[in-house]
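> test case, fold it:
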Amino acid sequence: MIRWGALFGAALLPVAALAYSVEFTGTPIGAQPSHLSPRSLGASQLVRQTGGSTLTKGGDQSDLAPLVSASPAPETRPLTAARPGFFLLLRSSASLGGQASHMKRQAGGPVSHLAAVSQESGLTPSGMSSRMRLSEVRSEMRDKADALLTEFGAREEGGKIIVSLPGDVLFDFDSAEIRSDAEPVLDRLAELLDAFSTAPVVIAGHTDSKGSDAYNLALSDRRAASVKAWLSEDGVAAGRMTTEGHGEAEPVAPNEHTDGSDDPEGRQKNRRVEFTILQPAP
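Next comes the predicted model:
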């Protein structure tokens, strides 16, 4: 009985060996392999099969050793300990990707607080560079002053620099209180006025034609005074600034269409506060 069992076991050995060969190498014993697995390839063959781009580092094939060697794998270590350079590369790539997405968001979004607020008000900063009276500005501040003049769409008339801000950016309807979301715009304006630190500034309020002349005159005067007070608290010397209220007397656009109907766009342009940077005293 024992002899028959031994014979039966010996007969099964070739079958087991064949099964092992097919399972772990993909090739029957004694046959030429029709497809070489990574474990049966040499380093150069493996590089060629994989395209040579993902498994090599500057020609160093040490990373291929676990695939080629038949010896047991070494004791495993954390990946961060095994390949610090690789993880540094990943971190660098992620950082660059974040910077790129950040740059993309900047390119697609508003370039300044002024532009963000102006989207609803109709205020559009000029896209052209300005060289207005920059000789008055300290050399280290000229580039910034030039950028601010461009950002505010400033214009020059008779040697005076004029910046116009829509009233709807600064105030709510029928109000002389500075809107909280207008403060970043006024901060930028204060920087511009600081650049022309020796020049007097006239702040003039204007309204549309709705309401009485007297009411609009008083409202425009209060608005100009409110802006002056805010800029003074922000560091602009109060002695440099004077205020005026012109009411509806100096429109820059029609308040009505030719048929007598209301012109909302024209009225919006007329509701404004103008800042005139005068020539410095000799």
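
> contact partners of stretch 247-254?
Contacts to stretch 247-254, defined as Cβ atoms under 8 Å, 6 or more residues apart in numbering, come from residues 206-209, 213, 216-220, 255, 263, 265-267, 269-270, 272. Where you see a C-beta, it was placed from the backbone N, CA and C, and this is true even at glycine.

> can you tell me which of these are in helices?
213, 216-220, 265-267, 269-270 (DSSP state H).

> circling back to that earlier point, which of the contacts of stretch 247-254 count as buried?
206-209, 216-220, 255, 263, 266-267, 269-270, 272 (16 or more other Cβ atoms under 10 Å).

> what lies in contact with stretch 230-237?
Counting by Cβ under 8 Å, 6+ apart, 178, 183, 186-187, 189-190, 193-194, 201, 203, 238, 241 sit against stretch 230-237.

> what's the closest of these to residue 167?
Nearest to residue 167, judged by Cβ to Cβ, of the contacts of stretch 230-237 is residue 178 at 11.2 Å.

> quick check: that closest one touching residue 225?
No. Contact between residue 178 and residue 225 fails when scored by Cβ atoms under 8 Å: they sit 11.2 Å apart.

> where in the stretch 1-150 of the chain is pLDDT low?
1-131 (pLDDT under 70).

> which stretches in the stretch 101-250 of the chain count as strands?
Along the stretch 101-250 of the chain, counting by DSSP state E, counting those that start in this stretch, strands occupy 155-157, 160-166, 201-206, 241-245.

> within the sheet, what are the partner strands of the third one, with directions?
It refers to strand 201-206. strand 241-245 (parallel), strand 272-277 (antiparallel) (DSSP bridges).

> which one of these lies nearest to residue 145?
So among those, strand 272-277 is nearest, using Cβ to Cβ, at 10.6 Å.

> contacts for the closest one?
So strand 272-277 is contacted by 133, 160-167, 170, 189, 193, 196, 199-206, 223-224, 227, 252 (Cβ under 8 Å, 6+ apart).

> please name the residues that touch the closest residue to residue 174 other than its chain neighbours.
Spatially, and ignoring its direct neighbours in sequence, residue 174 is nearest to residue 219 (7.2 Å; Cβ to Cβ, 6 or more residues apart in numbering). Contacts for residue 219 (Cβ under 8 Å, 6+ apart) come out as 174, 176, 205, 207, 211, 245, 247.
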